[in-house]
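A.B. asks: Have a look; sequence and predicted model below, questions after that.
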Amino acid sequence: MPSRLGTFIGRLVPPTPLSRRLALQSLLFSTGAGTFNTGSAVFFTQVVGLSAAKVGLGMTIAGVVSFFVAYPAGKMVDRIGTKRMWALGTILGAAGFAAWPFIHGFTAYVLVSVLFEVVNNIGFAGYNAYVLSVLPEKERVETQAHLYSALNLGFTLGAIIGGIALAFDSLTLIRWLPLLTTVIGVVNAYRITRLPQPRREVDSPATEAVEALSPAAAGTPAVPGAMRNTGWLATSFFTGILWTNQVLLNVVIPLWLVQRTHAPHWILAWLFGTNTVLCIFLPQFTSKGVDTITDALRRARWATGFFVLSCLITMLTHSVAAFWAALLVWLGHVTVTGAELAIGSGTWAFQAKLMDPSRRGEYGGAQEVFRTLGQWWAPAAYTWLVMSHGDLGWMVIAVIVVLAAIGLHPSARAAERFAQRHFAATETVSAT
């Protein structure tokens, strides 16, 4: 038993020095963001003075801007460099949090929210491309699983810190709480600058590195860009639909529990707690053995199965007693968490195998655009389906997810063939 426990704990620790440093960056980021997010509803309504409707409208406006910025931000990464863009986005984000205590009114709120979305796109595009560029291919999926765990752990720590601040019931404390996130962000940005440079970007500007690696520089036809790789675009779209498990998790199941079941409302805390714990401790195990596109597609099938099972289980809860409703809703939440874990490992493998090594920023931006297209409609559509049509709505959602999984298989294979035709057979990355 002790040896098994030691093995379990050992798997939770990132295996290499670089992966441990990257996990710390994820932990810092999510702790800062989680701290602010926990108290953000109180901050925006009682400190900034906005109505809930205006808070939602501002988020929608910022989301639209984010959609249009994602692809240009990705292309900037390839020109400026992955680590530079990641650090730049992080330090600008920290500056944005420092501005929140001085914001008043809807116009200022929207302006800062939009700037945050632009900055977040810059930082995320740089981060995602950096992780893929700096790690050896065999370590990418496993390391991203550890980073996902660290991200969830950080959000949990941030929620605890934010919850303690809320417990004091002091608007003055809530007003200045964003400065803690600023400090964490500054520390994070500094640590990013201390990370190793991907070998592609060492000793030369990023633009020169890209040009040196491109087939055009060698006198051969240029590799088509991400927007001409229809297999990659379709893969991003279908995985976006499979990632609507988050809509079930955070929106539809909680609303269903409150409005359509006899389950006690306090069970919601157990639902989110279970999801958080599972997403901290299990990604390292569920990502094992995902080395090829075939493995990734198998995980997509698992995700689909869990997603459908969650729909069927939750569908049964509206006509049973409170105890059984609570138990079934909890099981529905567990199974949709299984869908999240499975499609996570599949997505990381798609990124590792199907992105052009010399255009990871551009590919990441294109992925974000088409993944958003696969997701943006889901909160309104899924909520309307289940609240207005009950069992039929749950079944329609299940069919949508199955169709997305069916479409994902030929699109991923098309992207794989594109990669085999156009991308370099080998790549040199930093492993230190």
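C.D. replies: Now that the structure is in, tell me what you want to look at.
A.B. asks: right, and the helix or strand after the one helix or strand in the chain whose mean pLDDT sits lowest?
C.D. replies: Ranking every helix and strand in the chain by mean pLDDT, DSSP states H and E puts helix 206-213 at the bottom, with a mean of 41. Using DSSP states H and E, the helix or strand that follows helix 206-213 towards the C-terminus is helix 230-242.
A.B. asks: Can you tell me what sits against that next one?
C.D. replies: Helix 230-242 has contacts (Cβ atoms under 8 Å, 6 or more residues apart in numbering) with 226-227, 300, 303-304, 307, 339, 343, 346-347, 350, 354-355, 363, 366-375, 378, 400-401, 404-405, 407-408, 411-418. The C-beta positions use only the backbone N, C-alpha and C, and glycine is treated the same way.
A.B. asks: What residues of it count as buried?
C.D. replies: 231-242 (16 or more other Cβ atoms under 10 Å).
A.B. asks: ok now stretch 29-39, how far from the chain's centre?
C.D. replies: The chain centre lies 15 Å from the centre of stretch 29-39; the measure is Cα atoms, centre = their mean, to the nearest Å.
A.B. asks: How about residues contacting that stretch?
C.D. replies: Against stretch 29-39 from outside (Cβ under 8 Å, 6+ apart): 43, 90, 97, 100, 150-159, 161-163, 165-166, 174, 177-178, 180-181, 184-185, 188.
A.B. asks: Stretch 147-154 too?
C.D. replies: 12, 19, 22-24, 26-34, 131, 276, 279-281, 283-284, 344.
A.B. asks: Sort out which of those are in helices and list them.
C.D. replies: Among those, DSSP state H puts 12, 19, 22-24, 26-34, 131, 276, 279-281, 283-284, 344 in helices.
A.B. asks: Low-confidence ranges, this protein, go.
C.D. replies: By pLDDT under 70, the low-scoring segments of the chain are 1-11, 200-221, 424-432.
A.B. asks: Spatially nearest residue to E368 (excluding sequence neighbours)?
C.D. replies: A70 (3.9 Å; Cβ to Cβ, 6 or more residues apart in numbering).
A.B. asks: and G374, what is it in contact with?
C.D. replies: 236-241, 243-244, 404.
A.B. asks: Tell me which stretches of the stretch 101-250 of the chain form helices.
C.D. replies: Ranges of helices in the stretch 101-250 of the chain, per DSSP state H, counting those that start in this stretch, are 106-134, 140-167, 171-176, 178-193, 206-213, 230-242, 245-247.
A.B. asks: mind putting those helices in a markdown table, distance to L50 included?
C.D. replies: Formatted as a markdown table, the helices of the stretch 101-250 of the chain follow (distance: least, Cβ to Cβ, whole Å):
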| stretch | distance to L50 |
| --- | --- |
| helix 106-134 | 6 |
| helix 140-167 | 18 |
| helix 171-176 | 14 |
| helix 178-193 | 15 |
| helix 206-213 | 40 |
| helix 230-242 | 30 |
| helix 245-247 | 24 |
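A.B. asks: of these, which approaches A321 most closely?
C.D. replies: helix 245-247 (27.3 Å; Cβ to Cβ).
A.B. asks: List the buried residues for stretch 347-362?
C.D. replies: 347-362.
A.B. asks: meant to ask about stretch 110-127
C.D. replies: 110, 112-127.
A.B. asks: Over to stretch 266-284?
C.D. replies: Of the residues in stretch 266-284, those buried (16+ other Cβ under 10 Å) are 267-268, 271, 275-276, 278-284.
A.B. asks: ok, back up a step: now, of the contacts of helix 230-242, which are buried?
C.D. replies: So, by 16+ other Cβ under 10 Å, the buried ones in these are 226, 300, 303-304, 307, 339, 343, 346-347, 350, 354-355, 363, 366-372, 374-375, 378, 400-401, 404-405, 408, 411-412, 414-416, 418.
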